[in-house]
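Trainee: A predicted structure for the sequence below; I have some questions about it.
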Amino acid sequence: MSLFEYVMIPPAIVLGLAMTHILAGVGRVVHRLAGHGAPVRVDWIHLLWVVHVFTWIVLFWWYSYAWTTEFEWSLIIFVFLVAYAVAMYLMCVILIPSDLDRVTDFGTYFLSLRRWFFGGLIGLILIDLADTAAKGMDHLLDIGIGYAVMRTFLLLGSVVAIRTERRAFHGPFAAVSLAWMVGFFWVYRPVIAQP
């Protein structure tokens, strides 16, 4: 086992739990939609953010491989990676509560917790910026200006989203955020190779 593999075990476990939480929650919602349990109203804005966070988890896992070039691991870097994974897990728990039986309308639920979700999203963006900077200037130059523009858009949009319940804002913000993230990372498709 390499040092990288050893260090990444706790973050990988937490990210695996985050993915499991989302997938299990979606499965429980599908059961309710099929008539097994109390009726539930699915909201497209909420669903876009669920897909966004799930995609972000997958991408973080993929891009974590850039840390294989780190030859001297410090406790600070390790704690940082664990904190990143924990922040992602908490975003999942905010989006999909453990007690789904209490949610009857995901649109109302999402707007009621928007301050927590978008506050967490701001924190996650700041952690992601630190992660990107820590991987070095070559990595930052490689991903280009699109990354900075995308993160700035998410950051500013999250500040507005905390302050408003207007679905006329939340809908386009969720759609553009997801489309931009997927589009950007589709264009910038790093290939993992053995160091």
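Mentor: Everything's here; your move. This is a predicted model, so every value here is computed, not measured.
Trainee: next SSE after the helix or strand that Met8 is a member of?
Mentor: According to DSSP states H and E, Met8 maps onto helix 3-33. Downstream of helix 3-33, the first helix or strand assigned by DSSP H and E is helix 44-63.
Trainee: pull out the buried positions in the very next helix or strand once past that following helix.
Mentor: Proceeding N to C from helix 44-63, the next assigned helix or strand is helix 75-95, under DSSP H and E. By 16 or more other CB atoms under 10 Å, the buried positions in helix 75-95 come out as 80-95. Backbone N, C-alpha and C define where each C-beta goes, glycine included.
Trainee: which pair of the residues you listed spans the longest distance?
Mentor: Phe80 and Leu95 (23.2 Å; CB to CB).
Trainee: lowest average confidence, helix or strand, in the protein?
Mentor: Sorting the helices and strands of the chain by mean pLDDT, DSSP states H and E puts helix 137-143 at the bottom, at a mean of 68.
Trainee: now Pro97: which helix or strand?
Mentor: Going by DSSP H and E, Pro97 is not in any helix or strand.
Trainee: how close does the residue nearest to it when sequence neighbours are not counted get to His31?
Mentor: Excluding the flanking residues, the one nearest Pro97 by CB to CB, 6 or more residues apart in numbering is Val103, at 6.3 Å. Separation of Val103 from His31 (CB to CB, to the nearest Å) stands at 13 Å.
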